[in-house]
Structure formats: C-alpha cells, structure tokens
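Novice: Build me a model from this:
(one chain, ligands or ions: 1)
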Amino acid sequence: MAERAILTIGDRSYEFPVIEGSEGERAIDITELRARTGLITYDPGFGNTGSCISNITFIDGEKGILRYRGIPIEQFDRPTPNFIEAAWLIIFGRLPTKDDLAGFNVILTENAHLDESMKHNFEGFPVGAPPMAMLSAMINALSCFHPEYLKLSDEDTFEAAAARLFSKIRTIAAYSYRRSKGVPYIFPNPHLRYCANFLHMMFSMPYKDHVIDSDIEDALNLIFILHADHEQNCSAATVRVVGSGQANLFASVAAGVCALWGPRHGGANLAVIRMLEDVHRGNHSPEECIRMAKSQTSDFRLMGFGHRVYKNYDPRARILKAVCDRVLTRHHVNDPLLEIALRLEELALKDEYFVERKLYPNVDFYSGIIMRAIGIPTDMFPVMFAIGRVPGWIAQWREQQGDPQTRIARPRQIYAGPTVTSYIPIERRESAG
Ligand code: ACO
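Specialist: Model prediction:
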C-alpha cells in the first residue's frame, strides 16, 4: 500500500499521501492541507518545501552529489569541456546528437549580435554602472526587440527564443563590461566558439584581437558548466515564481539575474575575493576571519562557505579547486589569494563550529581565483555566474510552463500585525515624538 502521512490536530487525524522521486526522495503532499484542516505550513526560506516535481537536476547534499539529467557533474570535466553540449542537455533533456549540436551552434552564431537600437540603450547607463544591473535590464529589454518570442507556443519557437537568449547573454555581458569601462564595443566573431567569442568581446580592442588561450577557454567552459543548473535555488525559484504568472522567458530570466546578484547567492564569488583581498592587505589574519565568522556578535560570514543543500563538500568546489591549481600552474600565476583561501579552508575544516554546522567550501570559494587568473574583472564575477546559469533558468522556466500542476506562485503568511483598528483623521492624531 502507498505510504501515507498522518497529521493529528486536536482530536482529529488527517492522512496525506507521501510521494517519492526517482532517487528515493520523499515528500508529504499537502496540496489539500488548508482545504481540509484550515491550517497552512510555516517554513521561512522554504527549507522544507518542495515547490515542484522536476526532471532536470539531482542533488544529494548529504553525499555531495550533483547530476544534470542523471549525468554526474564530474563527467563534464573531460579533456575538452563543452558548455553548449551541457546547456543543450539541461534545456532539452537529453544529450544532443552531432546534428542537434551543429544546428544549435548555427542559431547561436547567427544571433550573437544585438539589435543596433538595443546597443544604444547601453549609452543610457553611466560609465561605472554595475554590470549586473545592465545585464538584467538588457535581458528584459529583449522582450521589446523580440515580440515574436513573447508567447512560445511550439517547440521550434521555444528553441529559437532559448538559443537567442543563450547566445545574446554573453554579448550583453561583454557590452555591460565595456560600457562600465567606457571602452568601444567589439562585435561577436562568427568564427569563434561560445567561450572564445565571449573572451574576444570582453578583451579585444578595435586595433588588436585578444589572443585566445585554449587552457583558459577550457577553464571558462568548465566554470560555466559547473554553474549551469542547481535545481530550486534562489534565482531558479525566482524565475519559476515570475514565470508562474505567465511572464515571458526574457522577463522571467531578467528577474533571475536580480535574484542572483546578492552576496548570499551569486554575488558570493565577488564577496570571497573581497574577503581574501582584505586578509592580503593585512586587515585581518585568516585566524581572525574564522573567529569573526564564529562570533555571535558579528555579521561576518566566511564567504564561499556553507550551503542550504550541501552538508558535505560541494562537488563543484572540488572540481574548481583542481582547475584553479591547473590554470595557475600552467600560466605561472602566483596568486597570494590562493594561499589565503587554502589556509582558511584548512582552518575551517578542522574547526568545531564549521564541522558541527557542516559548513564546507561552496562553488564560489575557488571560482573567483580562477576568474582573476583569466583576467575577468571582479565586478563581472556575478555576471559570469549568470551566463553559466542561463541554461538552468531556461530549463526551469520551460519545465514549469509545460507542467499541468503549475499554479501561480502565491505563498500565504501568518499575519502578526494589529487587529482591527480605526482610522484617525490627521488633525486628531498626536505627534509621534
Ligand atoms: N560563515 C559563518 N557561519 C555560517 C556560514 C558562513 N559562511 N554559513 C552558515 N553559517 C552558520 C549560521 O550562522 C548558522 O549558525 P547558527 O545555527 O549558530 O545560527 C548556521 O551556520 C546555519 O546557517 P543559515 O544561514 O541558517 O543557513 P542557510 O541554509 O540559510 O544559508 C548560505 C546558506 C546563505 C549559503 C550561508 O551558508 C551563507 O551565508 N554562506 C556565505 C555566503 C555564500 O557563500 N553564498 C553562496 C552560496 S552558493 C550559491 O548560491 C551559489
């Protein structure tokens, strides 16, 4: 017999079905809870709430497992990691054939450019504007330049819209950087692959092409792959919440970029580097960082440590640590921040506070050091995360739109404000002071 959960409230008992995922994860289906009991659940931060049934990404946080469509993340770290292949898998649900990949690459190449008037929009931002703000605004602006993709009624239109977004995000990202520096925009080069083209648009000058290093291109592919999806995190959940109101793909993903921006989520890679720089400048020793992170009276957190789901070493951090070592060694980069990161990790992993709370390095702990070695400016780190995450956002949006169980996302609350009270005309109100 199918398993049931029994909830007793006062002298009444209610049975609810227990559902099980393909990896044995179980959940109590409380869809009818309020209708039957008059009660709701209270779960700030949704740590115990399953908001959907998904086929995209599996995480076992206790064991440190991450799989895209069933494939362990470690298997993408091959001699030549290929972000397009991983993105296609995540979006469309199976590994692409050679023809699928070739066809998708053609659409990506033909749509890497931005509409000329869209390009002018960048001029409206001040030099020095945060690239994440420009990225989100410009992705939303795609809704104005592609009205034909506001409603995606069949597979071909969906693929066309997804490919345009996936291709253009790297152009928008590179232009955001160039606008923030006040340097000329560089057109995409149709002869370059996805990551190489991004590096070209970031670093070439009108008078000199940037020389693409294949190690760096591979490292970038891998960084993007490792960020490509992570099930119902803050930004993916945002994309789904916005999408649940039937907002279009561009608007939903633009909202995802905003959700990613903060230092507790995709902005953590930037915060890690700032923390390591602070130690390097001598403002704190690694030991002091650990002390501050543990202090109940300080807001300081060890950035790049801890995760809502991983209670073990984040498998992405393990791969990135090795890539970091590889890139720095091959390019003879002696970055003192790496030494500091290694020391902080060593101290944290044997400290009772971190051990008890199962706080391990997450994906952001080493990614910033690699990006520094590649020459990516610090304020672009969250943007790099966003480029990597776009396949996941697209896949989550698509899965949700096709799911007959989808309802508009609308949590409830426990109201704790004043009970009914009367309006007082302003002339009869006493001053607050
Ligand atoms: N440094 C010090 N203490 C920490 C840290 C940290 N990095 N992370 C969690 N803790 C402590 C908390 O203070 C809390 O302690 P308490 O039980 O004594 O109150 C306990 O560990 C649990 O922490 P929560 O904040 O409740 O855990 P939550 O799951 O809500 O947060 C988060 C996860 C936001 C990632 C948190 O670990 C954090 O802020 N880490 C630093 C920021 C970071 O690296 N973010 C990137 C995450 S990965 C990603 O988004 C791509």
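Novice: so residue 66, which of the three states?
Specialist: strand (DSSP: H, G, I helix; E, B strand; the rest coil).
Novice: which residues touch the residue in the stretch 201-350 of the chain that the ligand sits nearest to?
Specialist: Across the stretch 201-350 of the chain, no residue is closer to the ligand than residue 306, which sits at 2.3 Å (CB to the nearest ligand atom). Any C-beta I mention is one placed from the backbone N, CA and C, and that applies to glycine too. By CB atoms under 8 Å, 6 or more residues apart in numbering, residue 306 lies in contact with 357, 359-360, 362.
Novice: buried subset of those residues?
Specialist: Neighbour counting by 16 or more other CB atoms under 10 Å classes 359-360, 362 among the contacts of residue 306 as buried.
Novice: mind putting these in a markdown table, distance to residue 275 included?
Specialist: As requested, the buried ones among the contacts of residue 306 are exported to a markdown table (distance: CB to CB, whole Å):
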| residue | distance to residue 275 |
| --- | --- |
| 359 | 15 |
| 360 | 16 |
| 362 | 14 |
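Novice: Would you mind trimming the contacts of residue 306 to those in range of the ligand?
Specialist: With CB under 6 Å from any ligand atom as the criterion, those include 357, 359, 362 near the ligand.
Novice: Could you take the contacts of residue 306 and lay them out as JSON lines, with extra columns for secondary structure?
Specialist: Below are the contacts of residue 306 laid out as JSON lines (three-state DSSP):
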{"residue": "357", "secondary structure": "coil"}
{"residue": "359", "secondary structure": "coil"}
{"residue": "360", "secondary structure": "coil"}
{"residue": "362", "secondary structure": "coil"}
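Novice: pLDDT weak spots in the chain?
Specialist: Within the chain, the stretches with pLDDT under 70 are 1, 433.
Novice: Now the element after the helix ranked longest in it, going C-ward?
Specialist: Longest helix of the chain, by residue count under DSSP state H: helix 155-181. Heading C-terminal from helix 155-181, the first helix or strand you meet, by DSSP states H and E, is helix 194-203.
Novice: Mind listing what's buried along the helix or strand just after that following helix?
Specialist: For helix 194-203, the following helix or strand on the C-terminal side (DSSP H and E) is helix 214-226. Neighbour-count burial for helix 214-226 flags 216-226 (criterion: 16+ other CB under 10 Å).
Novice: what's the answer for stretch 58-78, then?
Specialist: Buried, per 16+ other CB under 10 Å, within stretch 58-78: 58-60, 64-69, 73, 76-77.
Novice: likewise stretch 303-320?
Specialist: Result for stretch 303-320 [16+ other CB under 10 Å]: buried residues 303-307, 309-311, 313-320.
Novice: just stretch 122-130 next, same as before
Specialist: 122, 125, 129-130.
Novice: give the contact list for the closest residue to residue 314 other than its chain neighbours.
Specialist: Leaving aside its chain neighbours, residue 314 sits nearest to residue 362 (4.5 Å; criterion: CB to CB, 6 or more residues apart in numbering). Contacts for residue 362 (CB under 8 Å, 6+ apart) come out as 268, 304-307, 310, 314, 316-317.
Novice: Distance of residue 362 relative to residue 304?
Specialist: Using CB to CB, to the nearest Å, residue 362 is found at 6 Å from residue 304.
Novice: Now list whatever residues contact both of the two.
Specialist: residue 268.
Novice: Is there a neighbour count for residue 121? I'd like the number.
Specialist: When neighbours are counted by other CB atoms under 10 Å, residue 121 registers 18.
Novice: My error: substitute residue 55 in the last question.
Specialist: Residue 55: 12 neighbours (other CB under 10 Å).
Novice: Hmm, residue 72 is touching residue 65, no?
Specialist: Yes. The pair residue 72 / residue 65 is scored as a contact, 7.1 Å apart, by CB atoms under 8 Å.
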